[in-house]
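> Prediction below, plus the sequence it came from.
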Amino acid sequence: IGDNNPLHHDVNVDELLTQKPEMKVLQQAGLIRLQEDGITAQPLVHGMLVASVFSCIFGTLIPGAVYRSQSLKFRAPVFVDEPIIGRVDVTDVRTWRDGVVVTCATKVLKNEVDVCVQGDAVVWLPGV
């Protein structure tokens, strides 16, 4: 299994648009951005890879946290080499079994204000 989506690779834009004219719509939507050479498209980061920042936040900042669910909405593209910030805000806490279940609003931002990915996560914190 591989990722054959041309938006996730360095591709020659002229060749891509010649072979697949339907890609012109993606270029007009801002999903294809040229690199400095003006010929090659800058690759997009796969949306699920961008969203994996939430798992990293929960797993490193709250050891033992158990991910229960995550909803995601992809709002804007993230290109390779663009810095992003993951943000998690607690919206609800309730007791469950031998710990607490925490509901969080989740966002990935670029340029510190542009929302790329947003959703809600539910995490169980056993023993808390």
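Here it is on my side, so go on.

> Can you pull the poorly scored residue ranges out of the chain?
The model of the chain has pLDDT under 70 over residues 1-3, 5-13, 16-17, 23, 38-40.

> Please repeat the previous calculation with a cut-off of 90.
Applying pLDDT under 90 to the chain flags the ranges 1-44, 46, 62-63, 79-81, 97, 127-128.

> what about the longest helix in it?
helix 53-61 (DSSP state H).

> Buried by neighbour count: which residues of that one qualify?
Neighbour counts over helix 53-61 (16 or more other CB atoms under 10 Å) mark Val53, Phe54, Ile57, Phe58 as buried. No exception for glycine: its C-beta is placed from N, CA and C like everyone else's.

> Helix, strand, or coil at the residue most central in space within the chain?
The chain has Val50 as the residue nearest its centroid, 2.7 Å off, counting by CA atoms, centre = their mean. Classification of Val50 using DSSP: H, G, I helix; E, B strand; the rest coil returns helix.

> Tell me what angle whichever strand or helix holds Val102 forms with helix 53-61.
For Val102, the host element (DSSP states H and E) is strand 99-110. Angle, strand 99-110 to helix 53-61, by axes from the mean of the first three to the mean of the last three CA atoms, to 10 degrees: 130 degrees.

> Would you list the strands that strand 99-110 pairs with, along with their directions?
The strands beside strand 99-110 in its sheet (DSSP bridges) come out as strand 84-96 (antiparallel), strand 114-126 (antiparallel).

> which other residues reach that strand?
Contact with strand 99-110 is made by 50-51, 53-54, 68, 70, 76, 78, 82-95, 115-128, as judged by CB atoms under 8 Å, 6 or more residues apart in numbering.

> quick revisit: what's the closest non-adjacent residue to the residue nearest to the centre of the chain?
Nearest-residue entry for Val50: Val78, 5.0 Å, with adjacent residues in sequence omitted and distances by CB to CB, 6 or more residues apart in numbering.

> that older thread, could you double-check that the residue nearest to the centre of the chain lies in contact with Gln118?
No: applying CB atoms under 8 Å, one finds Val50 not in contact with Gln118, separated by 11.1 Å.
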